[in-house]
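*Asks:* Have a look; sequence and predicted model below, questions after that.
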2 protein chains.
Amino acid sequence: MLDIRPYLDSESDVSLYRQLGLYLQNLIEDGQLLPGFRLPPTRELAAKTGVNRTTVSAAYEMLESAGLIRGEVGRGSYVCGTGERAETVNWGRALTASVSTRAGSPAAGVINFTSASPSDRLFPVEEFRESCREVLESRNLKTLMQLGSPGGYEPLRRFLFDRAVEQGVARPTDDILITNGCQQALDLLRRALVRAGDKVAIEEPVYPGLKNLFLEAGAELIGVAVGAEGMELPSLQRALDAGAKVVIVTPSFQNPTGTTIPEATRTNLCAMVRHAGAVLIENDIYSELAYSGTANTRLKHTDQNVILLGSFSKIAFPGIRVGWIIAPRPVIARATELKQLADLHTDHLSQAFLLNFAESGKLGRHREVVIAAAKDKLRALEQSCRRHLADCVWTLPAGGMNIWVTLPAGIDSMALRGLAQQAGIDYLPGRYFSISRPLDSGLRLSFAGLEPNEIRRGIEILGSLVRSATGARDERDSRPVLALV
Amino acid sequence: MLDIRPYLDSESDVSLYRQLGLYLQNLIEDGQLLPGFRLPPTRELAAKTGVNRTTVSAAYEMLESAGLIRGEVGRGSYVCGTGERAETVNWGRALTASVSTRAGSPAAGVINFTSASPSDRLFPVEEFRESCREVLESRNLKTLMQLGSPGGYEPLRRFLFDRAVEQGVARPTDDILITNGCQQALDLLRRALVRAGDKVAIEEPVYPGLKNLFLEAGAELIGVAVGAEGMELPSLQRALDAGAKVVIVTPSFQNPTGTTIPEATRTNLCAMVRHAGAVLIENDIYSELAYSGTANTRLKHTDQNVILLGSFSKIAFPGIRVGWIIAPRPVIARATELKQLADLHTDHLSQAFLLNFAESGKLGRHREVVIAAAKDKLRALEQSCRRHLADCVWTLPAGGMNIWVTLPAGIDSMALRGLAQQAGIDYLPGRYFSISRPLDSGLRLSFAGLEPNEIRRGIEILGSLVRSATGARDERDSRPVLALV
């Protein structure tokens, strides 16, 4: 008879009961323990393996939950027949397939360029606390605890819409919907505008959260090339000619490239999309993070049809999830209906907290602090890139959180990532931002969450890795290769 | 030449500029103002109509936004040709079609039986404020302001999961995902489990938020009859035989009927679904609102495959949107991936606030207060229904927020609603809860938000309306009708 003798590692991150359960599961699935086989009593196996009896019980329960064994009162636990096992749902078949690419977890204890989120070192914790306290102490609290409106908390809606009217981007024919950040805005617009098989034009490279959302919905993505001046119009025209019904663009400080579409190009871009009868979505979550000069004119200013997305996440605090859509009334009416189906409405307290924070002027002051700090970061970025990434191609952003670096030809940013993590930095390789183009030599550095000295040190490390890789490649290249004739 | 002379009503709810804009829009769309027609200068039209010049400008801007007129610098505003108008997106064509039924707004100033939400008169505002303050004053606040994990705030996940393990509903093979209330849990599970055209079995009557969500996704709904003892098994078996892949059930205090599936039936229900190889989703948001005796065994206790949905909304505060899914790991892994695409993660502060409120025992004490108050409401409900709705069919619920009333044959609850609103009450007619059965004589009374005296007065009103309608019907019935032979 088979000897059950698992190797259990008490130092492992995997708990002992799971180690034991997985060991037994393997034996059963390999057919080494056959249907009807009686497992040892928990007391016996515990003594034999040197673990607690409760650990063995938990392992058995895990197998029972997976439909691999069954317990019979007073008789012990038996391996199930395959017929009995069918009683467990086949999740692999029941669940819809994932089409998302996963970027893997960032390495720990390194200079982390992987996350396009603000630095929490700059969070004005005391000022925000004050805003929260004012909301909590108001008579309004009971209303905030009760069910609200799918469109959002009315005072916040009014504040944001009035501001947009003042800025010349909202018109009387527009309306506003509050969402859980910009990601939900995109999800609702996807449902409102995109049917399975529809063609959607998005920038390439593009951040995975946008790409995967539309892929999951069965849309056909057309990547529009992004150059040093943002989305390239000839590439956009090809996407429109190919039948794109929806175009999504981040005109200022695009993620991941950090590039910005020049003023002169913006009107043409709007006209092209309008002429094609397509819908234009303007992802405007970075434009207030302009580190020099003034913010650019929004596309929504140029064209009333544009659907404008805004969010507090990038200029305030991403853990508090509040964004919005400003668009022609029919779009907002449909998106609001879908918002109600998605989650009834955005959390009330967060809406009230951020309204207080913005209305009191605290958000504006925080923005100035962030921008002042970012100027130093940008300077460090520019100096370091010039000094250490001379062999690479990059465009210094004028705002936002990201810069895109193209490595010398032949160096794969995915392959380099392992070395980078060992050397003390992490970034996201180009592949995660790709739709159809090979972006294997590209990578994104998100710098907003780092201090200038971290940026300097990190880019120095990256530069030395690139030089080593270039040297290695040169050596390879120098080997004689037979001519192809 | 056409005389522009709008009738403007300064008392109207519609603002003056919109009245003027709509008047002009009609003239243009009717062809009374032809392409190329020059509109009067704003100053002139303002003087003529007695409104401000800015009002006229806003009306012109509204028409310009709608693509009906165009302004030319220094020359005035002209009516556009149809060719020019095509520059505006055709939203009717661009937007996906809505399949939702809308229940209409509840009447104002009446006894409102339309909303299945808790009474805010019982909200423990001071205790909740205290929980929020503790969270805000903790060192943890900065972490809460930063981007978090799609699966939810780890301490809340652990608290809820451990509690579920203690209750015997969560197993080591399960995992948990925090959502924005139960509505988002259903939306994520829809994406994880339902492809367009898939058959989904849900109770009938069922609340519109569940029905519309799956209809919008292109699922084929099969209504399973609900009787005095909840979902009826023979009807469920027919749905499974017809190919239902997913079954959604609210075993305790179902919305809208208030009915509960007896203990003895629960095991059979699980076995039937499992035998058919379908997925069972248990909507468990009401079970803690049991007004007498103990809560029933959850289906998840009986069958490990069950996907269990919980929420704070019904026992705490629906304005703070936190719910959860407990299910086998593969389900949670997929749902978490979809959660990240939907909105990155649930709001951090709300999760931390509700964790503190629950962990400190305040939620438990609040629940006792709610239940004590509900016993009085239930007594009022029972006495009033016995006294005033003797001609109707209803089952007294043992918990939750809703009761279903079936009017005497021939009385349409939709037709009666207008009379009810005039008489001082409002409810939701059966039609909104229907999938394929005619539920025109049914209606939902949501009583949890009302005081006992409001419940008494409201049902007395309903009773007298029913008696009048029955009398009217009897009179009609008493007219001689020719026999059909």
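*Replies:* Alright, I've got the coordinates.

*Asks:* Mind naming the longest strand for chain A?
*Replies:* Longest strand in chain A, counting residues (DSSP state E): strand A:220-227.

*Asks:* which helices and strands sit right next to it?
*Replies:* strand A:199-204, helix A:208-216, helix A:233-241 (3 or more C-beta pairs under 8 Å, 6 or more residues apart in numbering or on different chains; DSSP states H and E). C-betas here are computed from N, CA, C, even on glycine.

*Asks:* May I have it as CSV, with CA atoms only?
*Replies:* Extracted C-alpha coordinates of strand A:220-227, given in CSV (Å, rounded to 0.1, in the frame of the first residue of the first chain):
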residue,chain,number,x,y,z
GLU,A,220,-11.6,45.0,-31.6
LEU,A,221,-8.8,47.3,-30.6
ILE,A,222,-6.9,49.4,-33.2
GLY,A,223,-3.7,50.8,-31.8
VAL,A,224,-3.0,54.4,-32.9
ALA,A,225,0.7,55.2,-32.9
VAL,A,226,2.0,57.6,-30.3
GLY,A,227,5.1,59.7,-31.1
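
*Asks:* out of the helices and strands packed on strand A:220-227, deepest packed?
*Replies:* Most buried of those by mean neighbour count (mean count of other C-beta atoms under 10 Å in any protein chain shown) is strand A:199-204; its value is a mean of 25.

*Asks:* Neighbouring strands - and their directions - for that one?
*Replies:* strand A:220-227 (parallel), strand A:246-249 (parallel) (DSSP bridges).

*Asks:* For residue A:239, which of these is the nearest?
*Replies:* Of all the strands paired with strand A:199-204, it is strand A:220-227 that lies closest to residue A:239, at 4.3 Å by C-beta to C-beta.

*Asks:* Could you list the residues in contact with the closest one?
*Replies:* A:197-206, A:211, A:214-215, A:231-232, A:235-236, A:239, A:242, A:244, A:247, A:254, A:257, A:259, A:434-437 (C-beta atoms under 8 Å, 6 or more residues apart in numbering or on different chains).

*Asks:* hmm, back to that, next, the buried residues of the longest strand of chain A.
*Replies:* A:220-226 (16 or more other C-beta atoms under 10 Å in any protein chain shown).

*Asks:* quick revisit: need the strands paired with strand A:199-204 in CSV with distance to residue A:353, can you?
*Replies:* Shown next, in CSV, are the strands paired with strand A:199-204 (distance: least, C-beta to C-beta, whole Å):
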stretch, distance to residue A:353
strand A:220-227, 35
strand A:246-249, 29
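
*Asks:* can you pull out the helices in the stretch 151-300 of chain A?
*Replies:* Counting by DSSP state H, counting those that start in this stretch, the segments of the stretch 151-300 of chain A that form helices are A:154-166, A:181-193, A:208-216, A:233-241, A:263-275, A:299-302.

*Asks:* cool, and the stretch 1-150 of chain A?
*Replies:* A:16-29, A:42-49, A:53-65, A:82-85, A:91-94, A:125-137, A:141-145.

*Asks:* could you give the mean pLDDT of the longest one?
*Replies:* When you say that, I think you mean helix A:16-29. Here helix A:16-29 scores 85 as its mean pLDDT.

*Asks:* Test my guess that residue A:336 contacts residue A:151.
*Replies:* Yes: with contacts counted by C-beta atoms under 8 Å, residue A:336 reaches residue A:151, the gap being 5.1 Å.

*Asks:* Neighbour count: those two, which is higher?
*Replies:* Neighbours were counted for residue A:336 and for residue A:151 using other C-beta atoms under 10 Å in any protein chain shown; residue A:336 has more, 22 against 19.

*Asks:* I'd guess the more buried one is in a helix, am I close?
*Replies:* Yes: according to DSSP: H, G, I helix; E, B strand; the rest coil, residue A:336 belongs to a helix.

*Asks:* quick one, what contacts the closest residue to residue A:186 other than its chain neighbours?
*Replies:* Leaving aside its sequence neighbours, residue A:186 sits nearest to residue A:213 (C-beta to C-beta, 6 or more residues apart in numbering or on different chains; 5.9 Å). For residue A:213, the contact set (C-beta under 8 Å, 6+ apart) comprises A:183, A:186-187, A:190, B:341.

*Asks:* likewise residue A:78?
*Replies:* Residue A:78 neighbours (C-beta under 8 Å, 6+ apart): A:35-39, A:69-70, A:72.

*Asks:* now with 6 Å?
*Replies:* Residues in contact with residue A:78 (C-beta atoms under 6 Å, 6 or more residues apart in numbering or on different chains) are A:38, A:70.

*Asks:* Next: residue A:247.
*Replies:* A:201, A:273, A:278, A:280.

*Asks:* List just the nearest of the contacts of residue A:213 to residue A:447.
*Replies:* residue A:183 (21.5 Å).

*Asks:* hang on, the earlier thing: out of the helices of the stretch 1-150 of chain A, which gets the lowest mean score?
*Replies:* When I compare the helices of the stretch 1-150 of chain A, helix A:82-85 is least confident, with a mean of 58.

*Asks:* Find the residue closest to the residue nearest the centre of chain A in space, skipping its chain neighbours.
*Replies:* Chain A has residue A:209 as the residue nearest its centroid, 4.2 Å off, counting by C-alpha atoms, centre = their mean. Excluding its sequence neighbours, the residue lying closest to residue A:209 (C-beta to C-beta, 6+ apart) is residue A:183, at 5.8 Å.

*Asks:* Against residue B:252, how distant is that neighbour?
*Replies:* 34 Å (C-beta to C-beta, to the nearest Å).

*Asks:* Those two - which one has more neighbours?
*Replies:* residue B:252 (29 against 23).

*Asks:* correct me, but the more buried one touches residue B:296?
*Replies:* Yes: between residue B:252 and residue B:296 a contact is recorded at 5.4 Å, counting by C-beta atoms under 6 Å.

*Asks:* List the contacts of stretch A:154-166.
*Replies:* Residues contacting stretch A:154-166 (C-beta under 6 Å, 6+ apart): A:170, A:176, A:324, A:326, A:351, A:355.
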